[in-house]
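Novice: Turn this into a structure:
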Amino acid sequence: MYESAREKLRELLRQEESVKQQISHWAPIAEQLAKLSGVELDKEIAERIDQETAAGKEMGLTEAIRWVFRQPILLPLTPTQVRDRLAEMGYDLSKYAHVMPPIHNTLKRMKDAGEIKEEQMLGGVVRGFVPGGASNPKPLKRGGTE
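Specialist: Numbering: from 1, shown residues only. Presented below is the predicted three-dimensional model:
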């Protein structure tokens, strides 16, 4: 009986993670389409987006950058664009005296772990990052807890 309840709970937890990923994907799309259409966002949706943004203010840099790459992107993101997306989501960058080195380091670790991949843009002059799509990315190598 316990095994059955445990398996049911595990399945529900997997479904919860999938739903959360879908929500984080579709929320900014709905928000941007509402802005483009001149329509006011439904109160329930706006509140959920505010919750997601508030959560983004509390997460660590690595998780915040992961969140950036879970959002729909049309072109690879440069490290500067990643910084800009972090600022847009409300992530507090003021705690860093120099914000770009930790972003570069985190992107490199994520690339090495297979979470993102680096691609050439603009005729090979500029490089940007896209989600890597690795189903089982390697754990990030770092002494911290992120």
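Novice: distance of the residue nearest to the spatial centre of the chain from P131?
Specialist: Residue closest to the mean C-alpha point of the chain, counted by CA atoms, centre = their mean, is W67 at 1.2 Å. Computed as CB to CB, to the nearest Å, the W67 to P131 distance reads 12 Å. Bear in mind the C-beta positions are built from the backbone N, C-alpha and C, glycine included.
Novice: What is the longest helix of this structure by residue count?
Specialist: helix 2-37 (DSSP state H).
Novice: elements contacting that helix?
Specialist: For helix 2-37, the packing partners by 3 or more CB pairs under 8 Å, 6 or more residues apart in numbering; DSSP states H and E come out as helix 43-58, helix 61-70.
Novice: Just the mean pLDDT for the longest one, thanks.
Specialist: So that's helix 43-58. Helix 43-58 shows a mean pLDDT of 70 in the predicted model.
Novice: The closest residue to L41 other than its chain neighbours: neighbouring residues, count only.
Specialist: Leaving aside its sequence neighbours, L41 sits nearest to A34 (CB to CB, 6 or more residues apart in numbering; 4.5 Å). By the criterion of other CB atoms under 10 Å, A34 has 15 neighbours.
Novice: my guess is A34 contacts E40, does it?
Specialist: Yes. Checked against CB atoms under 8 Å, the pair A34 and E40 is within contact range at 6.9 Å.
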